[in-house]
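**Q** this one's structure only:
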């Protein structure tokens, strides 16, 4: 029983989000509201007792996606700075080594989306399922897929 508990603790401590992920436009069903993503690469790295996320890419309309965020998995809001997003704060929790939840909001706005991020057992695919309200207050949802690089 003690060995099982120790293994569970080790597994929960693992963070399979760390690494570089490329957005798969063909497999994604992007939520409406912003120009679709043409290309996007995100990099998650351990930093300051938490995680640093850096993302760079572009939308179909030519607008750039370029943002940085540093966060902890404590469910508290943190700022997201840069360009190309509909939200400017997020809160993330790690449920397990392969599952995360996030709440994304626009300060002083109607945009509010919850996201479940699941990494496949082989660690190669990350699927983000989102649901909430867009910037106009209308219901929105989508599923986006990333592949580990």
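**A** Everything's here; your move. Small disclaimer: the values here were computed from a predicted structure and weren't measured. Numbering: from 1, shown residues only.
**Q** the bottom helix or strand of the chain by mean pLDDT?
**A** Across the helices and strands of the chain, the lowest-confidence element by mean pLDDT, DSSP states H and E is helix 2-13, at a mean of 40.
**Q** what lines up beside the next helix-or-strand element following that one in the sheet?
**A** If you walk from helix 2-13 toward the C-terminus, the next helix or strand you reach (DSSP states H and E) is strand 19-29. When pairs are called by DSSP bridges, strand 19-29 turns out to pair with strand 37-47 (antiparallel), strand 139-148 (antiparallel).
**Q** What's the mean pLDDT across the first one?
**A** Per-residue pLDDT values over strand 37-47 give a mean of 96.
**Q** Might one say that residue 72 is in contact with residue 51?
**A** Yes - counting by CB atoms under 8 Å, residue 72 does reach residue 51; the two are 7.4 Å apart. For the C-beta atoms, the positions are set from N, CA and C on the backbone; glycine is no exception.
**Q** overlap in contacts of these two?
**A** Taking CB atoms under 8 Å, 6 or more residues apart in numbering as the contact rule, residue 72 and residue 51 both touch residue 92.
**Q** of these two, who's got more company?
**A** residue 51 (20 against 16; other CB atoms under 10 Å).
**Q** In contact with that one: list those residues for me.
**A** Contact partners of residue 51, counting by CB under 8 Å, 6+ apart, are 15, 17, 18, 44, 45, 70, 71, 72, 73, 92.
**Q** repeat for residue 36
**A** The neighbourhood of residue 36, defined by CB under 8 Å, 6+ apart, consists of 25, 30, 59, 60.
**Q** Relative to residue 19, how far out is residue 46?
**A** Distance check for residue 46 against residue 19: by CB to CB, to the nearest Å, it reads 11 Å.
**Q** Of those two, which one has the most company?
**A** The residue with the greater number of neighbours, taking residue 46 and residue 19 and applying other CB under 10 Å, is residue 19; the counts read 16 against 11.
**Q** Let me know whether the more buried one touches residue 126 as I believe.
**A** No - because the distance of 9.4 Å does not satisfy CB under 8 Å, residue 19 is recorded as not touching residue 126.
**Q** shared neighbours of the two, anything?
**A** Common neighbours of residue 19 and residue 126, counting by CB under 8 Å, 6+ apart, are residue 148.
**Q** is it true that residue 109 touches residue 135?
**A** Yes - judged on CB under 8 Å, residue 109 makes contact with residue 135 at a distance of 6.0 Å.
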